[in-house]
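Trainee: Build the 3D model from these lines:
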Amino acid sequence: MYFPVAEIEVAFWVPLVAGFAVAFVCSMGGVSGANLLLPFQVSVLGFTTPAVSATNHLFNIVAIPSGVYRFIREGRMVWPLTWVVIAGTVPGVFVGVFARVHFLPDPTHFRFFAGLVLLYIGVTMVRSLTKKSPPGADKNTAEKRFQELVRSFKAKDAATREPLPRVAVHKFGLSRINYSFYGENISAPTMGIFTLSAIVGVVGGIYGIGGGAIIAPFFVAVFRLPVYTIAGACLMGTFITSVVAALLYQIIAPFYPHMAVAPDWLLGLMLGIGGMIGMYSGAWFQKYVPAILIKWMLASILFFTGTRYILSFVF
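Mentor: All right, here's what the predicted structure looks like:
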């Protein structure tokens, strides 16, 4: 199958399988998988123009709603986090899109920039995961109690099952966001999240990932939020910012006739269809995966991708 904007030809099943695979794995951590699809498109498919960023955003638009729906249905959507993430990232996306077109059209420099960003986040998360906690500090967290409940939930008959816990928001203001999950009170700084989201919006607009691949690890490693409660908010924020970014790329495309800027709609849709199935499956499967495994998965993805980009620039 030929994709005209990307100027590549591959079997029709390749983007479907690629979209499904990255979405299934990454959605468990609140990441759409676009951060892995970009190196796949650049290095494997040979799609290197700025349009690859726009196509990545199109993948997010098609794939993410199914995963968000699943998290809403299971009561693990923290809406205040979502609104703050959107408020910060959307303005940043405008800056990022123009930076991508004006200052990083060369894929070589683009890879180095993206690699530095992803490697930094990956190293930060690995340090957080390997840092020793005081004895007994993590034995009764909401994440672990939730996993125990899920295991007992699977073992019981339908008639004797207790409903899985849902997120309860207690306060949403300019200073703090307070909510509870399975008996644990959780608090996050509103302006801190907003500032981080604004910075991530710029990076996400450049990189074509919507920002979730950076925000999710920060929520877990820096703000210490339970991974089971942040995935839906991160994906929803990524979806909204990707809508804005994809439209912006399409609108400005006529002003840059010498380069491909608008998304490859056919490629983005096929990646997104595979991602839509993978996203829903991953969101459903997340509760059966230990939180520590999801965190290591996020760190590994970021570390591998960032290192690969930097090495490709150096060598």
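
Trainee: Following the chain onward from the helix or strand of the chain with the lowest mean pLDDT, which element is next?
Mentor: Among the helices and strands of the chain, helix 142-155 carries the lowest confidence by mean pLDDT, DSSP states H and E, at a mean of 66. Per DSSP states H and E, the first helix or strand lying C-terminal to helix 142-155 is strand 168-172.

Trainee: Which residues does that following strand contact?
Mentor: With contact meaning C-beta atoms under 8 Å, 6 or more residues apart in numbering, strand 168-172 is reached by 78-80, 177-181, 185, 190. C-betas here are computed from N, CA, C, even on glycine.

Trainee: And Ala137, what's its pLDDT?
Mentor: As summarised for this prediction, Ala137 has a pLDDT of 51.

Trainee: What residues of the helix or strand where Gly237 lies count as buried?
Mentor: Using DSSP H and E, Gly237 falls within helix 227-252. Going by neighbour count (16 or more other C-beta atoms under 10 Å), the buried part of helix 227-252 is 227-246, 248-250, 252.

Trainee: Stretch 59-69 now?
Mentor: Under the neighbour-count criterion of 16+ other C-beta under 10 Å, stretch 59-69 has 59-68 buried.

Trainee: Is it correct that Trp308 is in contact with Pro39?
Mentor: No, residue 308 isn't Trp; it's Arg. Yes: checked against C-beta atoms under 8 Å, the pair Arg308 and Pro39 is within contact range at 6.5 Å.

Trainee: okay, the buried residues of stretch 59-69 in a markdown table with secondary structure and distance to Ile273 next?
Mentor: Converted to a markdown table, the buried residues of stretch 59-69 look like this (DSSP: H, G, I helix; E, B strand; the rest coil; distance: C-beta to C-beta, whole Å):
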| residue | secondary structure | distance to Ile273 |
| --- | --- | --- |
| Phe59 | helix | 10 |
| Asn60 | helix | 13 |
| Ile61 | helix | 12 |
| Val62 | helix | 6 |
| Ala63 | helix | 8 |
| Ile64 | helix | 13 |
| Pro65 | helix | 12 |
| Ser66 | helix | 10 |
| Gly67 | helix | 14 |
| Val68 | helix | 16 |
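
Trainee: Dump these into CSV; add distance to Cys26 and pLDDT as well.
Mentor: Shown next, in CSV, are these (distance: C-beta to C-beta, whole Å; pLDDT from 0 to 100):
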residue, distance to Cys26, pLDDT
Phe59, 12, 94
Asn60, 11, 92
Ile61, 16, 94
Val62, 15, 95
Ala63, 10, 94
Ile64, 11, 94
Pro65, 16, 94
Ser66, 14, 93
Gly67, 10, 91
Val68, 14, 93
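
Trainee: quick revisit: filter the contacts of strand 168-172 to the buried ones?
Mentor: Buried members of those, counted by 16+ other C-beta under 10 Å: 78-80, 177-181, 190.

Trainee: Excluding sequence neighbours, find me the nearest residue to Phe223.
Mentor: Among residues not flanking Phe223 along the chain, Ala188 sits closest, at 5.1 Å (C-beta to C-beta, 6 or more residues apart in numbering).

Trainee: just Arg127 next, same as before
Mentor: Nearest residue to Arg127 in three dimensions, chain neighbours excluded: Ala221, at 7.9 Å (C-beta to C-beta, 6+ apart).

Trainee: same for the helix or strand hosting Asn178, what does it pack against?
Mentor: Assigned by DSSP H and E, Asn178 belongs to strand 176-181. Here strand 176-181 touches helix 79-103, strand 168-172, strand 184-189, helix 190-207, helix 227-252, going by 3 or more C-beta pairs under 8 Å, 6 or more residues apart in numbering; DSSP states H and E.

Trainee: before we move on, back to that, for Arg308 and Pro39, list the residues in contact with both.
Mentor: Counting by C-beta under 8 Å, 6+ apart, nothing touches both Arg308 and Pro39.

Trainee: one step back: ok now do the residue nearest to Phe223, which residues does it touch?
Mentor: Ala188 neighbours (C-beta under 8 Å, 6+ apart): 81, 176-177, 219, 223, 225.

Trainee: try Gly272
Mentor: Counting by C-beta under 8 Å, 6+ apart, Gly272 touches 19, 58-63.

Trainee: closest to Ser27 among the residues you listed?
Mentor: Nearest to Ser27 out of the contacts of Gly272 is Ala63 (C-beta to C-beta; 8.4 Å).

Trainee: was I right about that closest one contacting Ala23?
Mentor: Yes: the pair Ala63 / Ala23 is scored as a contact, 5.3 Å apart, by C-beta under 8 Å.

Trainee: between the two, what contacts are shared?
Mentor: Joint contacts of Ala63 and Ala23 (C-beta under 8 Å, 6+ apart) are 32-33, 274-276, 278-279.
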